[in-house]
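>>> sequence plus predicted model, see below.
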Amino acid sequence: MSRRDPWLDNTKMVLVALVVVGHSLVMLPWQPTHDRIYDFIYFWHMPAFVFVTGYLSRGWSYSPARVWGLVRGLVVPYLLLEWALTSFREVVGGEHFHRLWIVPHWPMWYLPAVFCWRLATPAFRRLGVFALPVAVGLSLIGGYVAWDYLDTRRILGFLPFFVLGTLIRPSALAQLRRVPARVAAVGVLVGVWVLAGNLSQWAQTRWLYYSWQYANLHSSLSPIATRGLLLLIGVAGALAVMALIPARGGWFSRMGAASLVVYLCHGFVVKAVGYTAYPHWAAGHVTLSLVLNILGAICVALLLASPWVAPRLERLIDPLTYAERRFDHARDLHVEATELEERPRELAGVG
């Protein structure tokens, strides 16, 4: 088993907590402060999440075991969670959905996206120095694509962040932990904060989802220029945030190993709260609701990633992996028991 990097686990936990924060903010009345915080987070938090996913996928190659791992760990959870979340929203929230599994709903797009990105990893590796330009090109033209099954536009839109993660070397990424990089990171995030406050003057929040057709978006720049600028901001913001995240291990980094559980399950909590009278109450308590939302979202992320909750949810989300682990454990116990039985006979034979 490879040794986990606490810095990456800390990063994953911070980012997935921000996913919960971002999704929870939609329950609040739209105010300038809310908009700015929301846009600031969305400039870089998913780019960073995709970048880290790419970095952890850089060694992926074709083999029966690894392809089965994608099916077991991504396709099966997608089929289960997509059905479960849409059913929850229909039964509890009275919402209605169509084209189940064909068009991912809400956060579930990430599972088919990672499936496609990892399958494409060996191909991009063979492109060498052309890999990132090709990924950027696909992202730029992605907004023109009308066909959007499995959230194709978003898969293409975020592709450069994934490919960049597969290309970067550990030694280069380690430079982010140096003091000059951390000082620069503060300046970068201040700049992104300023841009978040002025986004409505040159673009729309919809641009930050990387999922809309250009024909349905507005910007003072051309669509290609806008997407290109957002890619640059996303990379700069992602690296800046990673530079500021501590590398120390501990309880928080251990929770980072359960980031996928948080990502896939938080939607049930956010939607459940949204179906109550809370959004109506929040409309009359703008500042207080913002504070409660952020603190509550962080608590939800920590609870879902806790050692008391995450292992149980993992069995539901990824049942085949859990079953395989149980089978392997039982097999190992059987082998050990057989060896213990054979040992006295061997000793008796020697005597």
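Structure received. All of these numbers come straight from a predicted model, not from anything done at the bench. Residues are numbered from 1 along each chain as shown.
>>> which parts of the helix or strand hosting Cys116 are buried?
If you go by DSSP states H and E, Cys116 is part of helix 110-127. Neighbour-count burial for helix 110-127 flags 110-118, 120-121, 124-125 (criterion: 16 or more other Cβ atoms under 10 Å). Every residue, glycine included, has its C-beta placed from N, CA and C.
>>> quick check, nearest of those residues to Ala297?
Of all those, Ala297 sits closest to Tyr110, with 17.8 Å by Cβ to Cβ.
>>> isn't that closest one right up against Tyr263?
Yes - Tyr110 is within contact range of Tyr263, at 6.7 Å (criterion: Cβ atoms under 8 Å).
>>> so Ala181 touches Met242, yeah?
No - contact criterion Cβ under 8 Å: Ala181 and Met242 do not qualify, at 9.3 Å.
>>> more neighbours, those two?
Ranked by neighbour count (other Cβ atoms under 10 Å), Ala181 and Met242 place Met242 first, with 24 against 17.
>>> where does pLDDT dip in the chain?
Applying pLDDT under 70 to the chain flags the ranges 1-2, 328-329, 331-351.
>>> just checking, what packs against the helix holding Cys116?
Applying 3 or more Cβ pairs under 8 Å, 6 or more residues apart in numbering; DSSP states H and E, one finds that helix 110-127 contacts helix 32-56, helix 64-70, helix 76-91, helix 131-142, helix 152-167.
>>> direction-wise, compare it with helix 76-91 and give the angle.
150 degrees (axes from the mean of the first three to the mean of the last three Cα atoms, to 10 degrees).
>>> and the angle from helix 110-127 to helix 32-56?
50 degrees.
>>> please enumerate residues in contact with stretch 318-327?
Stretch 318-327 has contacts (Cβ atoms under 8 Å, 6 or more residues apart in numbering) with 72-73, 76-77, 80, 314-315.
>>> how about 7 Å then?
Stretch 318-327 is contacted from outside by 72-73, 76-77, 314-315, using Cβ atoms under 7 Å, 6 or more residues apart in numbering.
>>> quick one: buried residues of it?
Going by 16+ other Cβ under 10 Å, stretch 318-327 has these buried residues: 318, 321.
>>> how far off centre is it?
23 Å (Cα atoms, centre = their mean, to the nearest Å).
>>> using CSV, write out every CA atom in that stretch.
Below are the C-alpha coordinates for stretch 318-327, written out as CSV (Å, rounded to 0.1, in the frame of the first residue of the first chain):
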residue,chain,number,x,y,z
ASP,A,318,-19.2,1.4,-3.2
PRO,A,319,-20.6,-2.0,-2.3
LEU,A,320,-18.5,-4.1,-4.7
THR,A,321,-15.3,-2.7,-3.3
TYR,A,322,-16.5,-3.5,0.2
ALA,A,323,-17.5,-7.0,-0.8
GLU,A,324,-14.1,-7.6,-2.5
ARG,A,325,-12.3,-6.5,0.7
ARG,A,326,-14.4,-8.8,2.8
PHE,A,327,-13.8,-11.7,0.4
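>>> by neighbour count, which of the contacts of stretch 318-327 wins?
Neighbour counts for the contacts of stretch 318-327 (other Cβ under 10 Å) peak at Pro77, which has 22 neighbours.
>>> how about the contacts made by the nearest residue to that residue once chain neighbours are set aside?
Using Cβ to Cβ, 6 or more residues apart in numbering and skipping the chain neighbours, the partner closest in space to Pro77 is Ile317 (5.0 Å). Contact analysis of Ile317 by Cβ under 7 Å, 6+ apart lists 77, 80-81, 261, 264.
>>> most neighbours among these, which one?
Leu264 (27 neighbours).
>>> distance to Gly284 for the helices and strands packed on helix 110-127 - can I get that in JSON lines?
Formatted as JSON lines, these follow (distance: least, Cβ to Cβ, whole Å):
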{"stretch": "helix 32-56", "distance to Gly284": "14"}
{"stretch": "helix 64-70", "distance to Gly284": "47"}
{"stretch": "helix 76-91", "distance to Gly284": "26"}
{"stretch": "helix 131-142", "distance to Gly284": "41"}
{"stretch": "helix 152-167", "distance to Gly284": "35"}
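>>> most tightly packed of these?
helix 152-167 (a mean of 25; mean count of other Cβ atoms under 10 Å).
>>> which outside residues touch that one?
Residues contacting helix 152-167 (Cβ under 7 Å, 6+ apart): 46-47, 50-55, 57-58, 109, 113, 116-117, 121, 124, 131-132, 135-136, 138-139, 142-143, 145, 209-211, 213, 231, 234-235.
>>> quick one: distance of it to the chain centre.
12 Å.
>>> then that helix to PDB, C-alphas only?
Backbone C-alpha positions of helix 152-167 (Å, rounded to 0.1, in the frame of the first residue of the first chain) are rendered in PDB as follows:
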ATOM      1  CA  THR A 152     -20.000  16.300 -22.000                       C
ATOM      2  CA  ARG A 153     -19.500  20.100 -22.000                       C
ATOM      3  CA  ARG A 154     -18.400  20.100 -18.400                       C
ATOM      4  CA  ILE A 155     -16.100  17.100 -18.900                       C
ATOM      5  CA  LEU A 156     -14.400  19.000 -21.700                       C
ATOM      6  CA  GLY A 157     -14.500  22.300 -19.900                       C
ATOM      7  CA  PHE A 158     -12.600  21.000 -16.800                       C
ATOM      8  CA  LEU A 159     -10.300  18.700 -18.800                       C
ATOM      9  CA  PRO A 160      -7.200  21.000 -18.800                       C
ATOM     10  CA  PHE A 161      -7.100  21.000 -15.000                       C
ATOM     11  CA  PHE A 162      -7.100  17.200 -15.000                       C
ATOM     12  CA  VAL A 163      -4.400  16.900 -17.700                       C
ATOM     13  CA  LEU A 164      -2.300  19.500 -15.900                       C
ATOM     14  CA  GLY A 165      -2.500  17.400 -12.800                       C
ATOM     15  CA  THR A 166      -1.300  14.300 -14.600                       C
ATOM     16  CA  LEU A 167       1.600  16.200 -16.100                       C
END
